[in-house]
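**Q** model this:
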Amino acid sequence: MDKTQSGVLCRVRTISDNLRLVPVVELEPGAYGSAPQPTTSPWTAEESETYWRACLRAGGVVGVAPVVPGSWLVALDVLDSPELLHRVLHVHFADGVPADLDEIGPFCGGFALVDDGEILVLPTCCGDLGTLDNWRIATELRTNSPEMLWIGHPWLTVWYQAPMLHVREVTEYNLPTCPREFAMNPEALQSAVRHATRELDLFCERVVESLHDIPGVLDAAAIGRILVGKRDP
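**A** Numbers count the residues shown, from 1 in each chain. Below is the predicted model of the structure:
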């Protein structure tokens, strides 16, 4: 599907019903260790990943891979190791576990939009695992007026153009000349949200188990839910 944007012919990609929302967690390199930063600007994907791996290695984390080259995001299955998950929790609570649960936030990261195994969209800066609710709300949208779909910044816009949901990239300053746009079946996205919810539930169980070994944790179940973006109302 093609459409014209500011006089430029832009392609709208139709996503298959095999789409998924894959939960990912950001391992911010400086929180784990230090290493020389690349001297070029902007960094290439290779330079970014080399720096990331060096910082993690300095903090005793090895053998992990990002979801795409140059990213600092990892899939939940990377955190299967109890030792690694324990290290991630120590970093998250580097300043101690707050007594007030309202001061605890979810793991940074979010959800990768994936079509038949191809990653199309990654969460952006300040995104976290709590953004699944935003995708859930998007599945129910039935207006053609674009609304914000917060995945971090820059964010996405979403609207309904029967029978499909449309999602488009924006920047924080203006619309790109030819932004990427995707069209998808709302029911397929609903299915993806349900699948991601089940993944978070399983991850939450592992997080709660590891939290029992973190000093200062008084309510592992409640904190675990918060960390995976399932804060109770």
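
**Q** hey, which helix or strand in the chain has the poorest pLDDT?
**A** strand 2-5 (a mean of 54; mean pLDDT, DSSP states H and E).

**Q** tell me the SS of the residue positioned nearest the centre of the chain?
**A** Note on the chain: the residue nearest the mean C-alpha position is Gly110, at 1.9 Å, using C-alpha atoms, centre = their mean. What DSSP: H, G, I helix; E, B strand; the rest coil gives for Gly110 is strand.

**Q** that one touches Val24, doesn't it?
**A** Yes - using C-beta atoms under 8 Å, Gly110 is in contact with Val24, at 6.5 Å. For glycine as for every other residue, the C-beta is placed from the backbone atoms N, C-alpha and C.

**Q** which neighbours do those two have in common?
**A** Common contacts of Gly110 and Val24 (C-beta atoms under 8 Å, 6 or more residues apart in numbering): Leu122, Pro123.

**Q** what sits closest to the residue nearest to the centre of the chain if chain neighbours are left out?
**A** Using C-beta to C-beta, 6 or more residues apart in numbering and skipping residues adjacent in sequence, the residue nearest Gly110 is Pro123, 2.7 Å away.

**Q** for the one you found, give me the pLDDT.
**A** We have a pLDDT of 97 for Pro123.

**Q** distance of it from Val68?
**A** 12 Å (C-beta to C-beta, to the nearest Å).

**Q** cool, Leu79 as well?
**A** From Leu79 to Val68 the distance is 17 Å (C-beta to C-beta).
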